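In: Okay, here's the prediction I keep looking at, along with the sequence it came from:
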Amino acid sequence: MTRQSKLIFGVLGLAAIAGIAIAGAAWMTRGPDASLVPDMAGPIALTDGRNIWVQRFEVTVADWNDCHDAGDCALWMLVRPDQNAATTPATGISYPDALQYVDWMNRITGGAFRLPTLAEWVHIASSVMPDEPEPLFTDPSLSWASAYLLEADIPRALKPSGSFSTTADGIADLDGSVWEWTKDCYSGTEAAAPGDRCPAYFVAGLHIAAMSFLERDPARGGCAVGVPPAHLGLRLFSDTSS
C-alpha cells in the first residue's frame, strides 16, 4: 500500500470514528420520547385521598418488543398468524421481566410509571369484578375444593385488547384472561420478606393469586396462593399525569 493510500484510509477511519462518536453523543443527549407514553386514564381518586393514573390497556406484544429492540427487555415475543402484535397483550412475563419494562419506559419517556399495589388494583377493578359465588361446600376443610371448582371456569383464551369489560374511567380488560403483576410481596408468613428477597408477588385478575417472582407460565406451577392464573402480564400505574 502506498503512503497516499494509507493516508486516505487513515482519514476515512478517523471520519468513521468521528461519525460514530457524533451519533453516540446524539443518542445520549436525545430527550424523552413522548410517542411511547402509554394511554393513561385519570385522575382516579383513591379512598386515601390520592389520585392515580392507570394505563387503559395492558402492555401489548408490540409495546414489549419496542423494549426488547432497545436492548432493555430480555424477552422477544411472537404472536400467532391470527393475532396482531399491537392489540395482543404481552404475556409470559415474570416479575423481573415486568420491572425491566417499567425501568425502560421511565428512562425512554422521562415518566414515573410503576406497578400498582394490590389495594390500588382492587379499587380500580371493583366495578367490573363478578360477584363472589357462594361456596359449594360448607365444610371449611373443603374450601380449597370450592375455590378450584368455582374458579376453574375462568377465561383462558388470550383475546385482543378491549375484549372484556371497561370501567367508567375507561380502563379495559381488568376482568380478562391476563393477570397483572402488583408490587406487593407475598412472603408466605405474616412477617415481611427481608429486603429485596421477596419469593413471590401478588397478581391480580378475576381472583387474587401469589406467584413465584420468576414464574412466566402459571400453567406450569409456581402459584403460591390461589388457583393458577391463565396468563401473566402487566399494566402501568403512575402518581402523576405526565
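Out: Noted; the coordinates are in hand.

In: longest strand of this structure?
Out: Criterion DSSP state E: the longest strand present in the chain is strand 178-186.

In: on contacts alone, who are the packing partners of that strand?
Out: The contact analysis (3 or more Cβ pairs under 8 Å, 6 or more residues apart in numbering; DSSP states H and E) places strand 178-186 against helix 118-125, strand 200-204, strand 208-212, strand 231-233. Glycine gets a C-beta too; all of them are placed from N, C-alpha and C.

In: Surely residue 62 is within a helix?
Out: Yes - counting by DSSP: H, G, I helix; E, B strand; the rest coil, residue 62 is part of a helix.

In: you'd agree it is up against residue 86?
Out: Yes - Residue 62 lies in contact with residue 86 (Cβ atoms under 8 Å); the separation is 4.4 Å.

In: What strands flank the longest strand of the chain, and is each parallel or antiparallel?
Out: Partners of strand 178-186 in the sheet, by DSSP bridges, are strand 200-204 (antiparallel), strand 231-233 (parallel).

In: ok, residue 206 to residue 69 distance?
Out: 32 Å (Cβ to Cβ, to the nearest Å).

In: typo on my end, residue 86
Out: Residue 86 sits 14 Å away from residue 69, going by Cβ to Cβ.

In: Repeat that for residue 169.
Out: Residue 169 is 31 Å from residue 69, where distance means Cβ to Cβ.

In: who has more neighbours, those two?
Out: Ranked by neighbour count (other Cβ atoms under 10 Å), residue 169 and residue 69 place residue 169 first, with 15 against 10.

In: Run through the helices of the chain in chain order.
Out: Assigned by DSSP state H, the chain shows helices spanning 3-29, 61-69, 95-109, 118-125, 143-151.

In: what's the domain layout of the chain?
Out: Following automatic domain parsing, one gets these domains for the chain: 1-30, 34-238.

In: so what's residue 41 up against?
Out: Residues near residue 41 by Cβ atoms under 8 Å, 6 or more residues apart in numbering: 53-56, 169-171.

In: Not counting residues beside it along the chain, what's closest to it?
Out: Distances taken as Cβ to Cβ, 6 or more residues apart in numbering put residue 170 closest to residue 41, at 4.5 Å, once the chain neighbours are dropped.

In: Surely that neighbour touches residue 55?
Out: No - with contact defined as Cβ under 8 Å, residue 170 and residue 55 do not form a contacting pair (10.5 Å).

In: Comparing these two, which shows the higher neighbour count?
Out: Neighbour comparison, residue 170 and residue 55: the larger count goes to residue 55, with 23 against 14 (by other Cβ under 10 Å).

In: mind listing what that one touches?
Out: If you count contacts by Cβ under 8 Å, 6+ apart, then residue 55 has 38-41, 171, 235-237 around it.

In: what do you get for residue 183?
Out: Residue 183 sits next to 114-117, 201 when contact means Cβ under 8 Å, 6+ apart.

In: Distance of it relative to residue 124?
Out: Applying Cβ to Cβ to residue 183 and residue 124 gives a distance of 15 Å.

In: Just name the shakiest helix or strand of the chain by mean pLDDT.
Out: helix 3-29 (a mean of 42; mean pLDDT, DSSP states H and E).

In: that older thread, hmm, which two among the contacts of residue 55 are most spread apart?
Out: Farthest-apart pair in the contacts of residue 55 is 39 and 237; separation 13.3 Å (Cβ to Cβ).

In: So which of those two has more stuff around it?
Out: residue 237 (25 against 8).

In: Tell me what the more buried one is bridged to.
Out: Residue 237 has the following beta-bridge partners by DSSP bridges: residue 54, residue 114.

In: same thing with residue 180?
Out: Taking DSSP bridges as the rule, residue 180 bridges to residue 204, residue 233.

In: Wait, it touches residue 202, no?
Out: No - under the criterion of Cβ under 8 Å, residue 180 is not in contact with residue 202, lying 9.9 Å apart.
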